[in-house]
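Participant: sequence unknown, structure follows:
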């Protein structure tokens with residue numbers, strides 16, 4: 001089973017630097033990607049951050065609020081339909097326990113961010129064997145924990 005993090009989903013949903021790679025991976029694999037509560041929240045916020053960055057000229061992406069609303073709606077409806085993505089509950093107690101272990105094992109040495117650890121912990125708790133991301137730090141943590149990466 002494959003777990004894709006927020007970075008992967010934003011590239012899949014918007015025209016970003018790794019969008020073609022994300023689309024190719026999802027089409028060639030055909031897996032239905034699990035979406036936890038954390039992913040749903042983070043993807044919505046990532047879309048809104050792109051609107052902010054567009055308004056402030058931080059990146060080349062031009063995303064207006066109306067298009068962001070369409071993207072968000074499309075993403076959430078795809079999650080609810082279960083065709084490409086599926087809503088996937090994850091046990092919070094298990095994620096928290098594993099999060100603490102991973103943080104103590106790796107963060108002081110490697111500097112991993114909270115959300116990287118939350119996503120890798122979620123992937124492991126869900127029993128995933130593969131982790132998709134375009135974020136080097138998240139992929140490094142996933143590899144350290146024995147997950148295959150894109």
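Facilitator: The structure has been received and is ready for your questions. Computed from a predicted model, the values in this text were never measured in an experiment.
Participant: so what's the nearest residue to residue 150 once chain neighbours are set aside bridging to?
Facilitator: If the residues on either side of it in the chain are set aside, residue 150 comes closest to residue 132, at 4.6 Å by Cβ to Cβ, 6 or more residues apart in numbering. Heads up, the C-betas are built off the backbone N, CA and C, glycines and all. Bridge pairing for residue 132 (DSSP bridges) gives the partners residue 4.
Participant: now residue 35
Facilitator: Assigned bridge partners for residue 35, using DSSP bridges, are residue 87.
Participant: for residue 53, see how far away it is.
Facilitator: 23 Å (Cβ to Cβ, to the nearest Å).
Participant: what of residue 69?
Facilitator: Applying Cβ to Cβ to residue 69 and residue 53 gives a distance of 17 Å.
Participant: ok, residue 89 next?
Facilitator: 31 Å.
Participant: do the same with residue 70
Facilitator: For residue 70, the distance to residue 53 - Cβ to Cβ - is 18 Å.
Participant: which one's more surrounded, those two?
Facilitator: Neighbour count, other Cβ atoms under 10 Å: between residue 70 and residue 53, residue 53 has more, with 15 against 12.
Participant: what's the mean pLDDT across the helix or strand hosting the more buried one?
Facilitator: For residue 53, the host element (DSSP states H and E) is helix 37-55. Mean pLDDT, helix 37-55: 94.
Participant: so where does residue 97 fall, helix or strand?
Facilitator: Residue 97 belongs to helix 92-102 when assigned by DSSP H and E.
Participant: and that helix, what's buried?
Facilitator: Neighbour counts over helix 92-102 (16 or more other Cβ atoms under 10 Å) mark 95, 98-99, 102 as buried.
Participant: tell me what angle that helix forms with helix 37-55.
Facilitator: Using axes from the mean of the first three to the mean of the last three Cα atoms, to 10 degrees, the inter-axis angle of helix 92-102 relative to helix 37-55 is 70 degrees.
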